[in-house]
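> Pasting a predicted model and its sequence here:
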Amino acid sequence: MDTQTLFDTIISDDQLHAKWLNTLSMMENTGARKISASEHKTKVSLMVLKHAAEEARHAFYLKKQIEKIDGGLCPDYSSPYIICPESSAYYLDKLDIEVCRYLKKELKLTGERLRFGAYLLVTYAIEVRADALYPDYQAALKKHSSKISVKSIILEEETHLAEMTAQMKTFFADHEASAAVAVGMEERLYEGWISSLKDEVLHKNAKIA
């Protein structure tokens, strides 16, 4: 099952589609919480505040989209309402851990610089992913004439990616090398996550058939 077929299958099943939106919402909310957790007590820039607020708003927006399907579906982020709850819940945590190990071992960062460097690299890698995933999902939504839309998220994620790139240029001596490491880590985690999603969706369809 390729990604386009995965989206077609998800969108064609209201319950599954609601769980997909809820899963994305949970992951955006996790991102917002991780950004806030990485903040310095006093040295908080406008960019970081903006980014945390927008990630939280994306989580809210995706959650609200479920109402266009059925407002009674997926009331919270507990496991029955999430696709692949374990791998989805720990996706960002695993990336954060791997990036921190890289920054400690290879760049010898500690303390405040370690936290901010991890924020930049993790966020950059996730924005690169969002820059591909959300447009593909939006194309599938359009194909199915769905009431759901993620166009506003796509525009903001593009801005986030540009902001992260600019920040990394000033923070890292070789920002391209560090960015490539983080993207490589995310790609491996993404392949595992998307494979789990496909397996769960196929399993559900098999039971229905």
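Received, thanks.

> list the helices and strands the helix or strand bottoming out on mean pLDDT in the chain packs on?
Least confident helix or strand of the chain, by mean pLDDT, DSSP states H and E, is helix 175-208 with a mean of 88. The contact analysis (3 or more C-beta pairs under 8 Å, 6 or more residues apart in numbering; DSSP states H and E) places helix 175-208 against helix 3-11, helix 85-105, helix 111-143, helix 151-171. C-beta: built from backbone N, CA, C; applies to glycine.

> Could you look over these and pick the most buried one?
Mean neighbours per residue, mean count of other C-beta atoms under 10 Å, is largest over those for helix 111-143, with a mean of 19.

> Let me have the helices and strands packed on helix 175-208 in CSV, extended by mean pLDDT and distance to residue 202.
Formatted as CSV, the helices and strands packed on helix 175-208 follow (pLDDT from 0 to 100; distance: least, C-beta to C-beta, whole Å):
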stretch, mean pLDDT, distance to residue 202
helix 3-11, 93, 8
helix 85-105, 95, 15
helix 111-143, 94, 17
helix 151-171, 91, 27
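
> which one of the ones you listed lies closest to residue 189?
With C-beta to C-beta as the measure, helix 85-105 is the member of the helices and strands packed on helix 175-208 nearest residue 189 (5.7 Å).

> on contacts alone, who are the packing partners of that closest one?
The contact analysis (3+ C-beta pairs under 8 Å, 6+ apart) places helix 85-105 against helix 14-38, helix 111-143, helix 175-208.

> Can I get the ones you listed in CSV including distance to residue 102?
Output for the helices and strands packed on helix 85-105, formatted as CSV (distance: least, C-beta to C-beta, whole Å):
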stretch, distance to residue 102
helix 14-38, 16
helix 111-143, 8
helix 175-208, 6
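
> Show me the one of those helices that comes nearest residue 1.
Closest of those to residue 1 is helix 175-208, at 4.9 Å (criterion: C-beta to C-beta).

> element containing residue 73?
Taking DSSP states H and E as the definition, one finds residue 73 inside no helix or strand.

> my guess is it meets residue 63, correct?
No - between residue 73 and residue 63 there is no contact under C-beta atoms under 8 Å: 10.8 Å.

> before we move on, the earlier item: okay if I get the helices and strands packed on helix 175-208 as CSV plus distance to residue 48?
Below are the helices and strands packed on helix 175-208 laid out as CSV (distance: least, C-beta to C-beta, whole Å):
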stretch, distance to residue 48
helix 3-11, 31
helix 85-105, 16
helix 111-143, 8
helix 151-171, 9
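
> right, so of these, which gets closest to residue 52?
Comparing the helices and strands packed on helix 175-208 by C-beta to C-beta, helix 111-143 comes nearest, at 10.0 Å.

> which other helices and strands contact that closest one?
Applying 3+ C-beta pairs under 8 Å, 6+ apart, we find helix 111-143 packed against helix 3-11, helix 14-38, helix 85-105, helix 151-171, helix 175-208.
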